[in-house]
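A.B. asks: Sequence plus predicted model, see below.
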Amino acid sequence: MYWEEDIKRELAYLDEIFQKRHLVTTEFAEQPWLTVNGHKMLNLASNNYLGYAGDKGLKKAMSDAVMTYGIGATASRLIVGNHSLYEKAEKALVNWKKAEAGLIINSGYNANLGIISALVPRNGFIFSDKLNHASIIDGALLSRAKLQRYRHNDMNHLENLLKKVPLESRKLIVTDTVFSMDGDFAKLEDLVKLKEQYNALLMVDEAHASGVYGKNGEGYAHFLDLQDKIDIQMGTFSKALGSFGAYVTGKQWLIDYLKNRMRGFIYSTALPPAILGAITAAIEKVQQDTERRALLQQHALFFRKALT
Ligand SMILES: *Cc1c(COP(=O)(O)O)cnc(C)c1O
């Protein structure tokens, strides 16, 4: 039984170096004060930046969708799971992001896995910031393309790596816009210059910027007015937008291709109506919530100052 022994030894090792993970029962994480194992604590750990996870109007949009359309999509979107709420949500998405086309995907993790592995061929190259989210790395590994990780925000390092691959090969540069661990920003202006110079596609992950940056909460690319120069913009509905799921926007050819080649889209059941109801309502709400966005920035500034 070496399986069991080996795995138990590995778990014991993780425990020894204080890296063994445990689940703790958490309640009211959608609120400022949550309970962890029954203890009341101030919640500084959620991604619910605008408080949408507990919002009354969004809760109602979600329950209305359940009562009208049921609890499940019953199949993938290409079979019979493409309920009319998808059309509504994707229309709202494209209007919000001012994009040519858009697609809703089952989660941010799935989106990065699916987009990157569908798009980059085995003989292609992926240039990824060292601090990018795990889902980006996993998508790159799944594509079997050559993965080149550049030092965090180091544009010279990236350029050196770009120089070394043939100009005509397929290249994807991919970055978080707001980095999930440190909260710092990608150098999007420089990345746009490099992607143009070296004939690469540029993909950004707006998971932590969607709802938070940009005049209407469209993300950090819009905040810098670079949205038309970035080929692939993905983000999530699971952080500031409060519920679950992800999106990708870009040119029509990109979205058409993903519908045909993204395996997580083709072979996985569509999102439940409730989620689509919440997504559509959150997209509409977030565009109006300028004051809440400003308040979030005030809180962040206050907390950073207090820490230093
Ligand atoms: C959270 C996160 C994801 C994953 O999104 P989920 O919807 O939680 O699967 C992807 N990328 C980044 C940068 C994230 O922070």
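C.D. replies: Structure received. Numbering: from 1, shown residues only.
A.B. asks: Thr290 versus Thr249, what's the distance?
C.D. replies: Relative to Thr290, Thr249 is positioned 21 Å away (criterion: CB to CB, to the nearest Å). For the C-beta atoms, the positions are set from N, CA and C on the backbone; glycine is no exception.
A.B. asks: Neighbour count for the two, which is higher?
C.D. replies: Neighbours per residue, other CB atoms under 10 Å: of Thr249 and Thr290, the larger number sits with Thr249, 27 against 12.
A.B. asks: what sits against that one?
C.D. replies: The contact partners of Thr249, taken as CB atoms under 8 Å, 6 or more residues apart in numbering, are 93-94, 97, 99-103, 233-234, 255.
A.B. asks: From these, list the buried ones, please.
C.D. replies: Members of the contacts of Thr249 that pass the buried threshold by neighbour count (16 or more other CB atoms under 10 Å) are listed as 93-94, 97, 99, 101-103, 233-234, 255.
A.B. asks: Tell me the spacing between Glu90 and Ile279.
C.D. replies: Applying CB to CB, the value for Glu90 to Ile279 is 10 Å.
A.B. asks: more crowded one of these two?
C.D. replies: Summary of the neighbour comparison: Glu90 and Ile279, criterion other CB under 10 Å, with Ile279 having more neighbours (31 against 21).
A.B. asks: contacting residues for the more buried one?
C.D. replies: Neighbours of Ile279 in contact, by CB under 8 Å, 6+ apart: 89, 92, 104, 237, 241, 243, 245.
A.B. asks: State the distance from it to the ligand.
C.D. replies: Using CB to the nearest ligand atom, to the nearest Å, one gets 12 Å for the distance from Ile279 to the ligand.
A.B. asks: what do you get for Leu301?
C.D. replies: To the ligand, Leu301 is 21 Å away according to CB to the nearest ligand atom.
A.B. asks: Equivalent analysis for His222, please.
C.D. replies: With distances defined as CB to the nearest ligand atom, the gap from His222 to the ligand amounts to 17 Å.
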